[in-house]
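Asker: Here is a sequence together with a model predicted from it:
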Amino acid sequence: MQDSSPILLWLRRDLRMQDAPALAAACASGRPVVPVFIRDASVDNLGAAPKWRLGRAVEVFAASLAENGSRLILRSGNARDVLLDLVRETGAADVYWSRLYDPASVERDTAIKSDLKKAGLAVHSFATALLFEPWEVATGGGGHYKVYSPFWRAVRGRDVAAPSPAPSAIPAPDRWPLSETLDQWDLSTPMRRGAEIVGRYTEIGEAAAQRRFDAFLDDDLAQYAHDRNALDRVGTSGMSPYLATGEIGPRTLWHAAMRAHHDGNAGAETYLKELVWREFAWHLCWHTPHILHRSWREEWDAFPWNKDENHPDAIAWKRACTGVPLVDAGLREMQVTGTMHNRARMVVASYLTKHLMCDWRIGQRWFEQHLVDWDPASNAMGWQWVAGSGPDAAPYFRIFNPETQRKTFDPDGTYVARWIAEGQESPPRTALDYFEAVPARWNLRPSAPYPEPTVGLAEGRARALAAYDAARGGSGSDNPG
């Protein structure tokens, strides 16, 4: 007799219909499917902006399920206890979920899988968030890759599974369990008044992701190798928020870009490399999970960074009042939109860790609060790459000069003018929105004079190089890279 017991589909960062192997497998079984999203510690511990963005993504995906005759059951609490409660309420015999790779999720999921199996349940996990499983990519010696370039060469020719189509139907149970509501959860509270501002610049959901990506393929991919660094125009795909919440899958992006590459699109290979850069970050997170919280290169643990969150230099940086236009513009873009151009991310990170000599974790935590595309692996690797403590062949001497970067990537000042109101007779809405998004207690006004630089660029660079030289024994070498 065919099993007719329901399947619990535990959704996490896979809020989409296409390229969703766990959903596809559950629906293909022909058995009733009960989708559930659990607000546990992994949700409660998110920063303000990513928590708000995840809540909005859950809301849109719940509506998508409803349009397909299904529901999204919302429960809060310890994930193990919630799942066992739902098993008792629904009679489910199987639990499906998509794999996650950060150490906290791995520890949680491993324990839950063990407990569910002891309770007589079948547990099935699926590869959804990455192109390649971290344990399947190894060097010739059997270890993991520690440098990006050989990692790219190792995976660029590998087969990537085709994205699964959206299911034609989602079998529903005869009786639905009770659900909490997103209003009860109120995930937007930590954002305070910033939620309304960021919401103006945010499109949510799988359909929005696909529309934007299709436009990118048609209009921008061919120039991507050049325009991805240009601050004064839209030259990137904008997929990072959707990847972070799982509203679009990496395999969808990979196969579309690979088709374009085979058709001779000039920017496609560069885009594929960027997808693999994200992949590399997650593989490092899997193999060396300390990258999320400690210097990847252990010899950097003793480097004399300022660790005081409330140091005046750190405060000026957080408030985007450093007096360095490109640094402040990037930080204000993040406050207003929840995202920041990647070129600006490198510049603001370099300025904090090199010119201001502040610990990279101060910036990492600030990004964690304010980025709607918060991705723990990519952000940790990015911060450590810039700071010099991470996996890179040319670490500390990479000191971005914000003024040189501005002249190169924002030659007409378009980007800076878009985000900095001070000194403009008629500032654009984007620049004024910064003062509406940030806490009122900061007492910032667009009519105030633009601040003087926190530290001179030449002075800050010299201080950083001197500190590095002293930390490694005073060799006196100065290789600016």
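Answerer: Here it is on my side, so go on. Numbers count the residues shown, from 1 in each chain.
Asker: can we go C-alpha only for contacts and neighbour counts from here?
Answerer: Will do.
Asker: Could you pick out the longest strand of this structure?
Answerer: strand 33-39 (DSSP state E).
Asker: Give the next helix or strand downstream of that strand.
Answerer: On the C-terminal side of strand 33-39, the nearest following helix or strand under DSSP states H and E is helix 41-44.
Asker: Contact partners for residue 56?
Answerer: Neighbour list for residue 56: residue 204 [criterion: CA atoms under 8 Å, 6 or more residues apart in numbering].
Asker: Which strand or helix spans it?
Answerer: Counting by DSSP H and E, residue 56 is found in helix 48-67.
Asker: got the buried residues for that helix?
Answerer: Residues of helix 48-67 classed as buried: 48-65 (neighbour count, 16 or more other CA atoms under 10 Å).
Asker: Please apply the same query to stretch 283-297.
Answerer: In stretch 283-297, counting by 16+ other CA under 10 Å, buried: 283-287, 289-292, 294-296.
Asker: Not counting its neighbours along the chain, what's nearest the residue nearest in space to the middle of the chain?
Answerer: Nearest to the geometric centre of the chain sits residue 375, at 2.7 Å (CA atoms, centre = their mean). Excluding the flanking residues, the one nearest residue 375 by CA to CA, 6 or more residues apart in numbering is residue 244, at 6.0 Å.
Asker: Surely residue 300 touches residue 387?
Answerer: No - counting by CA atoms under 8 Å, residue 300 does not reach residue 387; the two are 9.8 Å apart.
Asker: So residue 75, which state does it fall into?
Answerer: Under DSSP: H, G, I helix; E, B strand; the rest coil, residue 75 falls in the strand class.
Asker: residues contacting it?
Answerer: 36-39, 82, 179-180.
Asker: if we take these, which one ends up nearest to residue 311?
Answerer: Residue 311 lies nearest to residue 39 out of the contacts of residue 75, by CA to CA, at 34.6 Å.
Asker: Residue 429: neighbouring residues, count only.
Answerer: 11 (other CA atoms under 10 Å).
Asker: residue contacts, residue 347?
Answerer: 326-327, 400-402, 405.
Asker: if you set the cut-off to 6 Å instead, what comes out?
Answerer: residue 400 (CA atoms under 6 Å, 6 or more residues apart in numbering).
Asker: quick check, residue 209 in a helix?
Answerer: Yes - Residue 209: assigned to a helix according to three-state DSSP.
Asker: how close does it get to residue 180?
Answerer: 27 Å (CA to CA, to the nearest Å).
Asker: Also residue 119?
Answerer: In terms of CA to CA, residue 119 sits 25 Å off from residue 180.
Asker: Torsion angles phi and psi at residue 47?
Answerer: phi -70, psi 170 (degrees, to the nearest 10).
Asker: Check the spacing between the residue lying closest to residue 105 once chain neighbours are set aside and residue 108 real quick.
Answerer: Here the nearest residue to residue 105 in space, its sequence neighbours aside, is residue 42; by CA to CA, 6+ apart that works out to 7.8 Å. In this view, residue 42 and residue 108 are 10 Å apart by CA to CA.
Asker: And for the one helix or strand residue 197 maps to, what's in contact with it?
Answerer: Assessed by DSSP H and E, residue 197 sits inside helix 194-200. For helix 194-200, the surrounding residues in contact (CA under 6 Å, 6+ apart) are 336-337, 437.
Asker: Alpha carbons of that helix, in CSV - could you do that?
Answerer: Presented in CSV, the C-alpha positions along helix 194-200 are these (Å, rounded to 0.1, in the frame of the first residue of the first chain):
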residue,chain,number,x,y,z
GLY,A,194,14.9,52.4,8.8
ALA,A,195,12.5,49.7,7.6
GLU,A,196,10.3,52.2,5.7
ILE,A,197,13.3,53.7,4.0
VAL,A,198,15.0,50.5,3.0
GLY,A,199,11.6,49.1,1.9
ARG,A,200,11.5,51.8,-0.8
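Asker: Report the mean confidence score over it.
Answerer: When pLDDT is averaged along helix 194-200, the result is 96.
Asker: Tell me the first helix or strand C-terminal of the helix or strand where the residue nearest to residue 375 lies.
Answerer: Using DSSP H and E, residue 244 falls within helix 240-245. Next along the chain after helix 240-245, taking DSSP H and E as the criterion, comes helix 250-262.
Asker: sorry, back to before: separation between the residue nearest to residue 375 and residue 43?
Answerer: Taken as CA to CA, the span from residue 244 to residue 43 is 13 Å.
Asker: neighbour count winner among these two?
Answerer: Here residue 244 and residue 43 are compared on neighbour count by other CA under 10 Å; more neighbours surround residue 244, at 21 against 16.
Asker: What distance do you get for that one to residue 204?
Answerer: Residue 244 is 12 Å from residue 204, by CA to CA.
Asker: now residue 316
Answerer: Applying CA to CA to residue 316 and residue 204 gives a distance of 32 Å.
Asker: quick one, which of the two is more surrounded?
Answerer: Applying other CA under 10 Å to residue 316 and residue 204 shows that residue 204 carries more neighbours, namely 20 against 17.
Asker: my guess is residue 334 meets residue 344, correct?
Answerer: No - under the criterion of CA atoms under 6 Å, residue 334 makes no contact with residue 344, lying 10.0 Å away.
Asker: least trustworthy helix or strand in this protein by mean pLDDT?
Answerer: Lowest on mean pLDDT, DSSP states H and E among the helices and strands of the chain sits helix 457-471, with a mean of 90.
Asker: Which residues does that helix contact?
Answerer: 354-355.
Asker: same deal with stretch 85-102?
Answerer: By CA under 6 Å, 6+ apart, the surrounding residues in contact with stretch 85-102 are 5-10, 121-128.
Asker: Sweet, I'm off.
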